[in-house]
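Undergrad: got a predicted structure here, sequence first:
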Amino acid sequence: MNQLKIKFSGLFIFILFQAHFAQQNKILVFVSQENCYYSEYIVMIAALQASGYEVDVRSATGAPATTYMVPANTTIEETANTLSGSSYSDFQSQFQSLFGSPWNSALNNTPMNINVDGRIQDITDISSYKAFVLPGGIGTVDYRIDGTYSNQGVASMNDVQTAAEKLNELGLLFLSESKPILAQCHGASLPVFWRIPATS
C-alpha cells in the first residue's frame, strides 16, 4: 500500500471514529512554529473541513507558522505523482470518494506561512473539541517533553517549552475524556514523551 493510501486510510478511520462522539464539531490542531510539513497539514485540514468540522489551528506564539516540502517548493500534485503506484489523479479521486467534495487545486502550492488561530498555551477548556491533531514536520520534534528546548523562529525557548508542557497537559485531558488524538509522522513522537504529573 503506498503512502498516499495509508494517509487517507488513517484519515478515514479517524473521521469515522469521530462520529461516535456527541461533542461540538470542532477539532484542535497544533502546528510547530517552524517547519510544519505542508502536505500533511493541508490535506488533513481540507479533509476535516470537507467532513464538516471546524478546525482551530494553534502554534507556540500565534504568529504564522512556516511550512516546507521535500524537495523544496514541491507541489501537492508533484508529490502525488512521485508516489509508487499512485498519481495526482488517484489522490483527487480518493479525496472525492472519502470526503464527498473535490480536492481544491488552489491548495497545491506550498505557502511560506500558514495562519493560525492563536497560541496552544491559551487553550483552557477542551469541552468544545472532538479530537486533537498533531501534523508532522521536522519542527514538531522540538515540542517533545525532553528537558531540552531552543528558540524556533519567532518562538523563544520559553514559548517552545510552555507549548510542549501545554501539549502534554492537553494530551492527557483528551485521553482522560476518551477523545481521540491523531499524530502524523514527526508529530507521532510527541505523545511518546508525554508524562503523567509526578512520574518520569
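TA: That came through, no problem.
Undergrad: so where do the strands sit in this protein?
TA: Secondary structure of the chain by DSSP state E: the strands cover 26-30, 36-37, 54-58, 65-68, 113-114, 131-134, 181-183.
Undergrad: will you turn those strands into a markdown table that also has mean neighbour count?
TA: For the C-beta atoms, the positions are set from N, CA and C on the backbone; glycine is no exception. A markdown table is the format used below for those (neighbours: other Cβ atoms under 10 Å):
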| stretch | mean neighbour count |
| --- | --- |
| strand 26-30 | 23 |
| strand 36-37 | 26 |
| strand 54-58 | 18 |
| strand 65-68 | 23 |
| strand 113-114 | 14 |
| strand 131-134 | 24 |
| strand 181-183 | 20 |
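Undergrad: and Ile120, which of those strands is closest to it?
TA: strand 54-58 (4.0 Å; Cβ to Cβ).
Undergrad: tell me the strands beside that closest one, with direction?
TA: Paired with strand 54-58 in the same sheet, following DSSP bridges, are strand 26-30 (parallel).
Undergrad: what's next to the strand it pairs with, contact-wise?
TA: 44-45, 48, 53-59, 120, 123, 126, 128-135, 143, 163, 167, 170 (Cβ atoms under 8 Å, 6 or more residues apart in numbering).
Undergrad: check the offset of it from the chain's centre.
TA: 8 Å (Cα atoms, centre = their mean, to the nearest Å).
Undergrad: that's all I had, so thanks and see you.
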